[in-house]
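Colleague: here's my sequence, what's the structure:
(one chain, ligands or ions: 1)
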Amino acid sequence: MATIGIIGVGEMGSQLARAAVRHGHQVVIGNSRGPQTLGALVDELGPQASAATAAAAAEAGNFVIISVPLKLDNDMPVEELAGKVVLDTNNHMPWRDGIFESVVSGQQTVHELRQKQLPTSKVAKAFTHIQAPRLFQLARSAGTPGRHALTVSSDHPEAVELVSGLYDEFGFDTVDNSPLSESWRTEPGQPAWHAHLHQTREELTEHLRLARRRVHRI
Ligand SMILES: NC(=O)c1ccc[n+]([C@@H]2O[C@H](COP(=O)([O-])OP(=O)(O)OC[C@H]3O[C@@H](n4cnc5c(N)ncnc54)[C@H](OP(=O)(O)O)[C@@H]3O)[C@@H](O)[C@H]2O)c1
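Modeller: From the prediction side, this is the model:
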C-alpha cells in the first residue's frame with residue numbers, strides 16, 4: 001500500500017482521496033489555504049488520511065496527484081515533487097484558466113507544459129476524462145466484460161506503469177496514449193471526452209484514432 005500525496009482536494013481530488021482510502025492507501029492531502037481548512041474531509045476519510053501543506057503532501061507521497069487547474073505562474077512545489085511520479089488531472093478550460101497561447105496554438109499540450117513546470121518529476125496525464133462521481137459508479141473488477149477504460153499519457157514508462165496499476169485497482173482498464181505530445185487526443189471536446197459516460201478499451205482506442213487536433217491562430 002502506498003502513501004499518496006494529493007494536492008488539490010476539490011471535486012476531483014477529494015473523490016480520488018476517497019477511492020485511494022477505499023483501496024487501502026494512506027493519503028496526505030493539501031491545498032492552498034492550509035491544512036486547517038481540510039478538517040471535515042480528513043474526518044470523513046478517517047485514520048488513513050491526514051492534512052498538510054501542499055509542499056508537505058508532495059514530500060510525503062510515494063507518488064503525488066495534482067488536481068488543481070494549471071497556472072502559467074507555476075504554483076506547485078517543484079522541489080518536493082522532484083524524482084516522483086506526478087499524476088495530473090488537469091484539463092485546460094480557457095473560460096476558467098484564461099487562454100494558454102502555446103497550448104491553443106498547438107505548440108505544446110497542457111501536460112507538456114506541466115512537465116516543463118516540473119522538470120524533475122515524471123508527469124502523467126491521468127483521470128482527466130472521467131467525472132468525479134463516476135469514479136465509483138463506473139468502477140468494475142478486472143475481467144468484467146465491457147469494463148470502462150481510461151487513458152494515461154506520459155513521457156516516462158514508469159509513470160504509465162504506475163497509473164495503469166492504479167486504474168486497475170480503482171476499477172478501470174487502461175489505454176496508453178503516450179507520449180505527452182499526444183495527450184491532446186483526450187482534451188475536452190474530443191471523441192474520448194464526449195464518451196466519458198462509457199467506453200471500453202476498444203472504443204477508447206478508436207476514439208483516440210478519430211481525434212482531430214484543433215489549433216487556433218493567436
Ligand atoms: N471535477 C471533475 O469531475 C473533474 C474531472 C476530471 C478532471 N478534472 C480537472 O481536475 C482539476 C481539478 O478539478 P476540480 O473540479 O476538482 O476543481 P475544484 O473543485 O475547483 O478543486 C481545485 C482544488 O485545488 C485547490 N488549489 C487551487 N490552487 C491551489 C494551489 N496553488 N495549491 C494547492 N491547491 C490548490 C483548491 O483548494 P484551495 O482553494 O483551498 O487551495 C481546490 O480545492 C481541473 O483542472 C479539472 O478540469 C475535474
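Colleague: what parts of the chain come near the ligand?
Modeller: 7-13, 31-33, 37, 54, 67-69, 75, 89-91, 93, 127-128, 131-132 (CB under 6 Å from any ligand atom). C-beta: built from backbone N, CA, C; applies to glycine.
Colleague: mind running it again at 5 Å?
Modeller: In this structure, the chain approaches the ligand at residues 7-8, 10-12, 31-33, 54, 67-69, 75, 89-91, 128, 131-132, judged by CB under 5 Å from any ligand atom.
Colleague: what's the local residue count around residue 150?
Modeller: When neighbours are defined as other CB atoms under 10 Å, residue 150 has 28 of them.
Colleague: show the model's pLDDT score for the residue in the chain that the ligand sits nearest to.
Modeller: The chain approaches the ligand most closely through residue 10 (1.9 Å), counting by CB to the nearest ligand atom. pLDDT, residue 10: 98.
Colleague: quick check on it: phi, psi?
Modeller: Backbone torsions for residue 10, taken as degrees, to the nearest 10, come to phi -80, psi -140.
Colleague: select the longest helix from the chain.
Modeller: Assignment by DSSP state H gives helix 157-170 as the longest helix of the chain.
Colleague: mind giving me the packing neighbours of that helix?
Modeller: Judged by 3 or more CB pairs under 8 Å, 6 or more residues apart in numbering; DSSP states H and E, helix 157-170 is in contact with strand 85-88, strand 122-125, strand 149-154, strand 173-176.
Colleague: need the ones you listed in JSON lines (columns: distance to residue 43 and mean pLDDT).
Modeller: Shown next, in JSON lines, are the helices and strands packed on helix 157-170 (distance: least, CB to CB, whole Å; pLDDT from 0 to 100):
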{"stretch": "strand 85-88", "distance to residue 43": "25", "mean pLDDT": "99"}
{"stretch": "strand 122-125", "distance to residue 43": "30", "mean pLDDT": "99"}
{"stretch": "strand 149-154", "distance to residue 43": "29", "mean pLDDT": "98"}
{"stretch": "strand 173-176", "distance to residue 43": "33", "mean pLDDT": "98"}
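Colleague: could I get these as JSON lines with distance to residue 160?
Modeller: As requested, the helices and strands packed on helix 157-170 are exported to JSON lines (distance: least, CB to CB, whole Å):
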{"stretch": "strand 85-88", "distance to residue 160": "9"}
{"stretch": "strand 122-125", "distance to residue 160": "7"}
{"stretch": "strand 149-154", "distance to residue 160": "5"}
{"stretch": "strand 173-176", "distance to residue 160": "6"}
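Colleague: can you pull out the strands in the chain?
Modeller: 3-7, 26-30, 49-51, 63-66, 85-88, 122-125, 149-154, 173-176 (DSSP state E).
Colleague: tabulate those strands (CSV), appending distance to residue 102.
Modeller: Shown next, in CSV, are these (distance: least, CB to CB, whole Å):
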stretch, distance to residue 102
strand 3-7, 23
strand 26-30, 28
strand 49-51, 34
strand 63-66, 19
strand 85-88, 17
strand 122-125, 16
strand 149-154, 17
strand 173-176, 25
